[in-house]
Structures are given as C-alpha cells and as structure tokens.
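Colleague: here is my input, please return the structure:
(chains A and B)
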Amino acid sequence: DAKTTQPPSMDCAEGRAANLPCNHSTISGNEYVYWYRQIHSQGPQYIIHGLKNNETNEMASLIITEDRKSSTLILPHATLRDTAVYYCIVRDNNNDMRFGAGTRLTVKP
Amino acid sequence: EPEVTQTPSHQVTQMGQEVILRCVPISNHLYFYWYRQILGQKVEFLVSFYNNEISEKSEIFDDQFSVERPDGSNFTLKIRSTKLEDSAMYFCASQGQTYNEQFFGPGTRLTVL
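Modeller: The predicted structure is shown next:
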C-alpha cells in the first residue's frame, strides 16, 4: 500500500553522484516526501524530507518537481558505504510511514 | 547523539511461547512505533503509539500483539503466542514531533522454532 514507485535497483560509480528517482503521483497537498535507507539488516536511517521546496543537508539533496508528483534523491559523491536500499516514502496524515520495496543502490569501485 | 536502543538483539523462542521485545526510545520523544521485516522482504508497519494509547495499527497487529509503555521510558511489544511466521526483525522507532523524522533502533531478530 505504498504510495511511491521506485526502480528496484541502480548502480553508481564511487565518487560520482547517485540520482535516485521516485514517483508519487497521488501525493496530497499536505503530505511530505521522506527518504530513508537501510544498510544490510540495520534499522532504517533517516536521510532527508521535504514538502515542496528542494532540500539539502549533509547527507543528500532532495529535488521535488513543481507538481510534486516525483522527486529525486541526490547523493553528491557516492562512496562504497552508501550501498544500501533507499526508500522513498510519502507520509500520510496520521503520521505513519509505509515502506515500499525501495531501490537497491550498489556503489561500485 | 541520542539513539533508540532495543533488547535483546536476538531472541529465540519456541512456537506458542510469549515474547516481550523491549525498546528505549529517545528521551522527550512523543511518538513510538513498531515495525517488522521478514527476511528478504520490506519493512512493515505494525503499530503507532502516542499519548499512552495506540493511534494506528496495521492488519498484521492482531490480538496476539500488544504494546505498552510501562514506566515512561521503555516501550515494549508483546507477542502472546508466537507462530513460526512471526520470525522477523522487529524495529522500534521514536519521533519527537508531528512530521519530524523517525529514529529507528538496531532491531531485535526474533526466531520462532
């Protein structure tokens, strides 16, 4: 029942930017887009979130299209330690998060 | 940096036994969650807890499951009579305010034999 669509897997060369797309065409006006990642079987790790404006923090940048129907997570200089499953999640009104299958990003040397 | 902790890291139990998974959320957080992840599958929402009561639960969270915040610091998930299909990683998460990020613990791996 996830509201997002992501490619199942992507590769990226070490040191290059990783651009992970997400479609959320049914997003409502007050729903946020969140990105988390999961390395091996560890607990999901928060990366970034946004509503309509582009956001940047020490980990990544989030680019949200003007119609808010899609977004892109950018890891500017991917390292081997960024290999993980990346989840794009639309946060619904009752504050809960529903995970999809995510994108398995493999950073290669 | 504050973090969510969970104990035990690994719990092995016999089918039909009761288990209690424990979590210590980040101090001053107001929202608490349990998720599970069966090996090789996606993370599934179980239940959310706010103001000392369940605010939302999924279809997975049936009468065999219960949650409690017994002492203002711990947050527990109890499975009354475990089944083989309850074998999974169980993650606790806490959140400070509405629409803030959730912080996840390292998980408890539950194995039901």
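
Colleague: can you check the pLDDT for residue 33?
Modeller: Chain wasn't specified; assuming chain A. A:Val33 carries a pLDDT value of 94.

Colleague: actually chain B
Modeller: For B:Tyr33, the pLDDT comes out at 96.

Colleague: phi, psi for the nearest residue to it once chain neighbours are set aside please.
Modeller: With sequence-adjacent residues excluded and distances taken as Cβ to Cβ, 6 or more residues apart in numbering or on different chains, B:Tyr33 is closest to B:Ala93, at 4.3 Å. Where C-beta positions appear, they are placed from N, C-alpha and C, glycine not excepted. Phi and psi for B:Ala93, reported as degrees, to the nearest 10, are phi -140, psi 150.

Colleague: is any residue of stretch B:75-85 near chain A?
Modeller: No. Figure legend: stretch B:75-85 not in contact with chain A (Cβ under 8 Å from any Cβ of the partner chain); closest approach 14.4 Å.

Colleague: buried ones in that stretch?
Modeller: B:Phe75, B:Thr76, B:Leu77, B:Ile79, B:Thr82 (16 or more other Cβ atoms under 10 Å in any protein chain shown).

Colleague: who are the contact partners of the residue of chain A found nearest chain B?
Modeller: Proximity of chain A to chain B (Cβ to the nearest Cβ) peaks at A:Gly43, 3.4 Å away. By Cβ atoms under 8 Å, 6 or more residues apart in numbering or on different chains, the contact set of A:Gly43 is B:Val4, B:Phe91, B:Ala93, B:Phe104, B:Gly105, B:Pro106, B:Gly107.
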